[in-house]
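Participant: build me a model from this:
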Amino acid sequence: MAQRLQDDSGVQAVIDSTGTTVALINEGHALYSRHGCAVCHGLEGRGDGPVAVTLKPQPRDFRDPATYKNGRTIRSIAKTINWGMAGPSSTMPAFPHIPGDERVKIAYYINGLQHSEK
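Facilitator: As a prediction, this is how the structure comes out:
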């Protein structure tokens, strides 16, 4: 059974209530690459992308749950992609141009990285 959630831009995304699927993670990974997330966060989400050394502070390592400032749930991650992170503790810009369903898929991929080896 699927649950419908309303994201902040008014786009409805369907999230599988039975758990994360391999297809969602794979689609999220492709979107992560397509939308340029790896430029800052690196190909594997380690915070080591090609421009990371020029950013202060450097991007988060998604594998470390302690580094998530706005929460580490699918919904929290998708909201952070949409709104960015304001203030001196982050250089994360907002990405409201990424459709809501794609932000959710990217969030599934990022959330999965929390369970990978450091």
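
Participant: and the strands in this structure?
Facilitator: Residue ranges of the strands in the chain, as given by DSSP state E, are 2-6, 12-16.

Participant: which stretch in these has the least confidence?
Facilitator: Mean pLDDT is lowest for strand 2-6 among those, at a mean of 41.

Participant: dihedrals phi and psi, the closest residue to residue 116 other than its chain neighbours?
Facilitator: Counting by Cβ to Cβ, 6 or more residues apart in numbering, the nearest residue to residue 116 once its immediate chain neighbours are dropped is residue 63, at 5.4 Å. Backbone N, C-alpha and C define where each C-beta goes, glycine included. Per-residue torsions, residue 63: phi -80, psi -20 (degrees, to the nearest 10).

Participant: can you get me a residue count around residue 63?
Facilitator: 18 (other Cβ atoms under 10 Å).

Participant: next: residue 101.
Facilitator: 17.

Participant: so, low pLDDT: which residues of the protein?
Facilitator: 1-20, 117-118 (pLDDT under 70).

Participant: quick one, helices of it?
Facilitator: Counting by DSSP state H, one finds helices in the chain at the ranges 22-34, 37-41, 74-83, 100-113.

Participant: now what about the shortest one, what contacts it?
Facilitator: What it means is helix 37-41. 32, 47-52, 55, 59-60, 62, 91, 106 (Cβ atoms under 8 Å, 6 or more residues apart in numbering).

Participant: turn those residues into TSV, including neighbour count.
Facilitator: Output for these, formatted as TSV (neighbours: other Cβ atoms under 10 Å):
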residue	neighbour count
32	24
47	19
48	16
49	20
50	11
51	12
52	17
55	14
59	22
60	21
62	25
91	17
106	26
